[in-house]
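In: only geometry, no sequence info:
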């Protein structure tokens with residue numbers, strides 16, 4: 001086809017206008033993103049702790065933003081708020097103790113020195129004495145043909161378990177079965193558990209860091225019948241021991257704990273056995289009740305049939321509040337990256353969808369959930385009391401702690417390989433010349449530690465995207481994720497003084513927007529891969545064996 005100079009100039013100008021328009025859009029998104037962050041991570045919100053006024057203020061801001069975008073409320077009684085009722089328990093450290101005896105010798109473990117106990121969510125006063133039985137990792141995983149309970153009698157006894165899992169387990173499936181240990185203990189008749197720190201758990205969540213959370217109230221949500229969800233009243237006692245304290249306990253039983261650590265490291269099987277020990281647990285807890293809102297909005301799909309299927313977008317709006325016992329001068333945990341960045345990303349995705357010339361065919365739910373830092377509680381409540389039938393929620397895109405302090409040419413998509421969601425993820429990343437990489441830290445069990453897991457357990461395919469762990473260039477300006485995790489994660493320094501790259505944040509928004517729109521407009525309903533373990537949750541929802 002013959003092209004005149006005038007035509008070529010026109011094409012060049014049009015191309016330039018598209019590029020300029022794209023740059024303007026990114027700049028606008030970057031500015032709005034910065035505005036969201038400036039409010040959500042401000043000291044005024046005092047760290048957005050679940051149930052606090054600061055979190056209530058954040059929720060009000062989110063609801064007002066959804067109103068401006070014309071996104072319909074989907075909470076209680078026509079509002080944006082889904083109020084989540086919580087029960088909280090705080091332990092009295094001075095009145096709580098653990099003593100272990102072999103009949104002739106005993107050890108009194110020291111609270112906050114080498115032993116930690118959690119508050120009892122069910123009882124205010126607890127005192128029990130019971131035999132101790134070693135039960136390996138305490139895992140029962142029929143899908144992986146594995147159990148730690150064969151030949152182990154735990155009825156009326158306290159299980160002693162390692163804070164680890166077989167290293168042969170796939171990362172995400174293994175993480176799920178570790179989260180199900182309390183269910184397995186109850187099934188096998190245990191009345192409590194002592195968890196032994198291991199070299200692996202020390203690397204993931206050191207005992208010294210666990211101490212920082214002892215004063216934080218243990219929190220669970222309450223169901224429509226007034227019962228504590230997964231409160232496990234059958235488990236009347238529990239404690240966590242440091243590595244050295246665990247070795248002392250095994251030595252009291254005439255055993256060498258290091259031998260078991262070596263077996264785990266070498267992939268050798270470990271067998272449960274009675275320890276010939278008894279333990280006496282004493283604890284006192286105080287109980288309170290509170291509520292905190294999920295903020296939920298819905299944009300109806302444009303297709304008369306597909307609009308009855310829902311793409312669910314989630315981001316947790318809470319953080320950990322004020323560190324009242326910290327020795328630091330700054331005690332406010334602002335949670336800029338965790339998770340003001342995720343909330344800001346979701347608000348900007350909502351903005352892009354609402355202003356898009358192409359409307360999503362499927363409906364989109366925007367869920368800003370509370371209580372993630374307490375154990376994924378707000379998303380669990382949402383998943384059990386959804387605004388639409390759970391079987392109509394066909395995909396979830398979660399946004400949690402994208403560390404936007406550096407640029408990278410890599411992304412991690414937790415959960416993507418388990419479902420058809422992998423395809424739109426790869427397509428969006430390819431468009432932006434970004435590589436999809438494997439989980440570089442499987443020991444962290446990320447897939448079951450954020451809100452998508454609550455929906456996965458209800459059968460909803462999910463993906464959770466975060467930037468890769470290294471800078472794009474060797475001399476790039478910015479703070480890599482590894483530095484953030486070591487120095488700022490769950491610390492007051494996770495604040496607006498971090499070198500946040502708002503242009504990169506806008507690009508992260510665009511990537512997730514493209515994934516969401518691809519899911520919303522796909523001809524085929526998103527689905528689990530048939531060979532994925534997590535497909536079993538969907539099969540259970542559908543009543544299939």
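Out: Thanks, I have it. Not measured: the values here are computed from a predicted model.

In: Give me the neighbour count for residue 423.
Out: Neighbour count of residue 423, defined by other C-beta atoms under 10 Å: 16. C-beta coordinates here come from the backbone N, C-alpha and C atoms, glycine included.

In: How about the secondary structure of it?
Out: Under the three-state scheme (DSSP: H, G, I helix; E, B strand; the rest coil), residue 423 adopts helix.

In: Got the domain ranges for the protein?
Out: 29-70+300-541, 90-286 (automatic domain parsing).

In: I'd like those domains as TSV, with mean pLDDT appended.
Out: TSV is the format used below for those (pLDDT from 0 to 100):
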stretch	mean pLDDT
domain 29-70+300-541	94
domain 90-286	96
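
In: of all the ones you listed, which lies closest to residue 294?
Out: Closest approach to residue 294 among those (C-beta to C-beta): domain 29-70+300-541, 4.9 Å.

In: before we move on, the earlier item: would you list the domains of the chain in TSV and tack on distance to residue 84?
Out: As requested, the domains of the chain are exported to TSV (distance: least, C-beta to C-beta, whole Å):
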stretch	distance to residue 84
domain 29-70+300-541	5
domain 90-286	6
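
In: Residue 76: which of the ones you listed is closest?
Out: Per C-beta to C-beta, nearest to residue 76 of the domains of the chain: domain 29-70+300-541, 9.5 Å.

In: now the end-to-end length of the closest one.
Out: The first and last residues of domain 29-70+300-541 sit 39 Å apart, counting by C-alpha to C-alpha, to the nearest Å.

In: Figure out which of the domains of the chain is closest to residue 78.
Out: Using C-beta to C-beta, the domains of the chain put domain 29-70+300-541 closest to residue 78, at 11.1 Å.

In: Could I get the buried residue list for stretch 217-230?
Out: For stretch 217-230, burial by neighbour count (16 or more other C-beta atoms under 10 Å) applies to 217-222, 228.

In: Of the domains of the chain, which stretch is the most buried?
Out: domain 29-70+300-541 (a mean of 20; mean count of other C-beta atoms under 10 Å).

In: Residue 458 contacts residue 542, correct?
Out: No - counting by C-beta atoms under 8 Å, residue 458 stays clear of residue 542, with 11.6 Å between them.

In: now, among the buried residues of stretch 217-230, which is nearest to residue 443?
Out: Distances from residue 443 to the buried residues of stretch 217-230, taken by C-beta to C-beta, are shortest for residue 218, at 24.7 Å.

In: which ones are touching that closest one?
Out: 88-91, 118-119, 121 (C-beta atoms under 8 Å, 6 or more residues apart in numbering).

In: Filter those residues down to just the ones in strands.
Out: Among the contacts of residue 218, the members falling in strands (DSSP state E) are 88-91.

In: And the strands in the stretch 1-150 of the chain, which stretches?
Out: Under the criterion DSSP state E, counting those that start in this stretch, the stretch 1-150 of the chain contains strands at 72-73, 81-91, 97-101, 106-109, 115-116, 125-134, 140-141, 146-147.

In: Out of those strands, which is closest to residue 430?
Out: strand 72-73 (33.6 Å).

In: Where do the helices of the stretch 151-300 of the chain begin and end?
Out: In the stretch 151-300 of the chain, the segments counted as helices under DSSP state H, counting those that start in this stretch are 171-179, 181-187, 199-204, 207-210, 243-252, 257-265.

In: Out of the ones you listed, which is closest to residue 58?
Out: Comparing the helices of the stretch 151-300 of the chain under C-beta to C-beta, the one sitting nearest is helix 207-210, at 25.6 Å.

In: who's in contact with the closest one?
Out: Contacts for helix 207-210 (C-beta under 8 Å, 6+ apart): 116, 197, 240, 242-243.

In: could you dump the residues you listed to JSON lines with distance to residue 449?
Out: Below are the contacts of helix 207-210 laid out as JSON lines (distance: C-beta to C-beta, whole Å):
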{"residue": "116", "distance to residue 449": "19"}
{"residue": "197", "distance to residue 449": "18"}
{"residue": "240", "distance to residue 449": "18"}
{"residue": "242", "distance to residue 449": "22"}
{"residue": "243", "distance to residue 449": "22"}
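
In: So residue 353 sits against residue 519, correct?
Out: No - in this structure, residue 353 is not within contact of residue 519 by C-beta under 8 Å, at 11.8 Å.

In: partners of the longest strand seen in the chain in the sheet?
Out: Secondary structure of the chain per DSSP E: the longest strand is strand 273-299. Sheet pairing of strand 273-299 (DSSP bridges) gives strand 72-73 (antiparallel), strand 81-91 (antiparallel), strand 97-101 (antiparallel), strand 125-134 (antiparallel), strand 363-369 (antiparallel).

In: Of those, which is nearest residue 171?
Out: Proximity to residue 171 (C-beta to C-beta) singles out strand 363-369 among the strands paired with strand 273-299, at 24.0 Å.

In: following the closest one, which helix or strand shows up next?
Out: helix 377-384 (DSSP states H and E).
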